[in-house]
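Enquirer: Pasting the sequence and the predicted model now:
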Amino acid sequence: MKTSIYVLLTFMFLLSCENSEKDRYTSMATIQTDNFEEHPGKILMENNCYVCHNLAASHDDLLAPPMIAVKRRYTSSQPTKAEFIEAIQTWIKNPNEANAKMYGAVKRFNVMPKMPFSEETIAQIADYMYEYDIAQPEWFEGHFNEMKGNRN
């Protein structure tokens, strides 16, 4: 009888030790996931810019050029982060043909409407665009390479 009790207690002890380690590991994984925070510019870009600069639209159904096209064009003529942010702010605050850098986009889509974004919002979006790889439509690379020499 005593042997049965010892075997039962030992078995229960082993099972309880194994479960507590799993629970602790799961909790740590949850904590690490909860600490992840996206760049505020990414969220602002997705909520505001993608309304027109839609990633899901086909080339023929676009309302505006994809954001990756904007990034590539502006980084080619504004190589520093400060110049890039300033150029994006200038365009968003007062979009017009005179200060356009994407002539083909203006020709195809017209000048974008003036947006009521604060300088801080524009700076956060531009900072994200400059610092991170941003998503692009599947068709973009082929189109970009085809149009590379055509800066009209």
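Expert: Nice, thanks for sending it over.
Enquirer: For the helix or strand that contains Ala126, enumerate the helices and strands it packs against.
Expert: Assessed by DSSP states H and E, Ala126 sits inside helix 119-131. Judged by 3 or more CB pairs under 8 Å, 6 or more residues apart in numbering; DSSP states H and E, helix 119-131 is in contact with helix 40-48, helix 67-77, helix 81-93. Glycine gets a C-beta too; all of them are placed from N, C-alpha and C.
Enquirer: Show me the domain layout of this structure.
Expert: 1-36, 40-147 (automatic domain parsing).
Enquirer: how would you label Val111: helix, strand or coil?
Expert: Per DSSP: H, G, I helix; E, B strand; the rest coil, the local secondary structure of Val111 is coil.
Enquirer: For the residue lying closest to Met102 once chain neighbours are set aside, grab the count of nearby residues.
Expert: Spatial nearest neighbour of Met102, chain neighbours left out: Arg73 (5.3 Å); criterion: CB to CB, 6 or more residues apart in numbering. Arg73 has 19 neighbouring residues, counting by other CB atoms under 10 Å.
Enquirer: thought Arg73 was touching Gly104?
Expert: No: Arg73 is beyond contact range of Gly104, at 9.4 Å (criterion: CB atoms under 8 Å).
Enquirer: Tally up the residues packed near Met129, please.
Expert: Neighbours of Met129 using other CB under 10 Å come to 23.
Enquirer: Got the confidence number for it?
Expert: Note on Met129: pLDDT of 97.
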